[in-house]
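A.B. asks: Below are the sequence and a predicted model for it; my questions follow.
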Amino acid sequence: MSPGIATLAETPIAAGELRLEPLRPDHAGPLFDGLADPALYHFIPQEPPADVVALRARFERLAARRSPAGDQAWLNWAVRLPDDSHAGLVEATVGTGGAADIAYFIFRRCQGRGIGRRAVGAVVEALAAEPAVTAIGASIDTRNAASIALVEALGFERTGLIRGADHFKGAASDEVRYQLPLRR
Ligand SMILES: CC(C)(COP(=O)(O)OP(=O)(O)OC[C@H]1O[C@@H](n2cnc3c(N)ncnc32)[C@H](O)[C@@H]1OP(=O)(O)O)[C@@H](O)C(=O)NCCC(=O)NCCS
């Protein structure tokens, strides 16, 4: 992992009144209820965490900031509101060549208020400012209108469509690929 990416992984990010905190194991408690909502997982293969212990174990792995093989950097931020409650999670995985892939969850009670756009936008901006990051992309199920609207609002461009990219929860998943043109 490049020193710049390692530093970014530990850096809190301000996004207007939102605060993005580098994910720690002790975020499992405050994030569990929001992340346990099955509605967040309709268009992704992942399942909600079984319990807070399982979520904490996952966050402990993520707090290493890198995959066990060392070929991916794991950057994750918990999204915090001005009243100190949490609103979700933004994730970026950066491969050895510097290509970043993003994913994100905004809890249902916080959706539709521009929080995703601001939080994901701030992470994307931080990634784009890091010279070791060579590309920023996202793969999104074609049924996921909110996620597609979010990346398009941030300036991502559609670069491909993979029919039958996956199969989960009883249905085939077609995926659109988005990339952010990096203007450097
Ligand atoms: C995708 C997600 C993060 C959006 O979070 P959010 O805070 O509600 O998003 P915002 O309020 O910032 O809205 C972002 C854009 O999406 C649009 N949008 C929001 N919900 C929408 C919906 N259900 N359908 C269509 N567009 C929607 C908004 O109008 C906005 O577009 P605009 O800026 O052009 O007006 C949230 O719906 C979520 O967590 N979904 C479940 C997890 C998931 O699918 N993650 C993505 C995996 S690829």
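C.D. replies: Alright, I've got the coordinates.
A.B. asks: Show the model's pLDDT score for the closest residue to residue 156 other than its chain neighbours.
C.D. replies: Nearest non-adjacent residue to residue 156, counting by CB to CB, 6 or more residues apart in numbering: residue 178, 4.0 Å away. Using the backbone N, CA and C atoms, a C-beta is placed for each residue, glycine as well. Looking at residue 178, its pLDDT stands at 98.
A.B. asks: Name every strand pairing with the helix or strand hosting residue 178 and say which way it goes.
C.D. replies: Using DSSP states H and E, residue 178 sits within strand 171-179. Taking DSSP bridges as the criterion, strand 171-179 sits next to strand 135-141 (antiparallel), strand 157-168 (antiparallel) in its sheet.
A.B. asks: which one of these lies closest to the ligand?
C.D. replies: Relative to the ligand, the nearest member of the strands paired with strand 171-179 by CB to the nearest ligand atom is strand 135-141, separated by 4.5 Å.
A.B. asks: Can you tell me the SS state at residue 53?
C.D. replies: Secondary structure assignment for residue 53 (DSSP: H, G, I helix; E, B strand; the rest coil): helix.
A.B. asks: Export the strands paired with strand 171-179 to JSON lines and append columns for mean neighbour count, distance to the ligand and mean pLDDT.
C.D. replies: Listed next are the strands paired with strand 171-179 as JSON lines, based on neighbours: other CB atoms under 10 Å; distance: least, CB to the nearest ligand atom, whole Å; pLDDT from 0 to 100:
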{"stretch": "strand 135-141", "mean neighbour count": "20", "distance to the ligand": "4", "mean pLDDT": "97"}
{"stretch": "strand 157-168", "mean neighbour count": "12", "distance to the ligand": "12", "mean pLDDT": "93"}
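A.B. asks: Distance to residue 94 for those strands - can I get that in TSV?
C.D. replies: Shown next, in TSV, are these (distance: least, CB to CB, whole Å):
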stretch	distance to residue 94
strand 135-141	9
strand 157-168	18
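A.B. asks: before we move on, the earlier item: list the buried residues for the strand holding residue 178?
C.D. replies: For strand 171-179, a neighbour-count test (16 or more other CB atoms under 10 Å) marks 173, 175-179 as buried.
A.B. asks: nearest spatial neighbour of residue 72, skipping sequence neighbours?
C.D. replies: Once flanking residues are discounted, residue 72 sits nearest to residue 93: 5.3 Å by CB to CB, 6+ apart.
A.B. asks: before we move on, which element is that neighbour in?
C.D. replies: Assigning secondary structure by DSSP H and E places residue 93 in strand 86-95.
A.B. asks: do residue 133 as well
C.D. replies: Counting by DSSP H and E, residue 133 is part of no helix or strand.
A.B. asks: since we're on the closest residue to it other than its chain neighbours, how many residues are nearby?
C.D. replies: Setting aside the residues directly before and after it, residue 133 is nearest to residue 127 in space (CB to CB, 6+ apart), at 4.8 Å. For residue 127, the count of nearby residues is 22 (other CB atoms under 10 Å).
A.B. asks: Having no further points to raise, I will conclude here.
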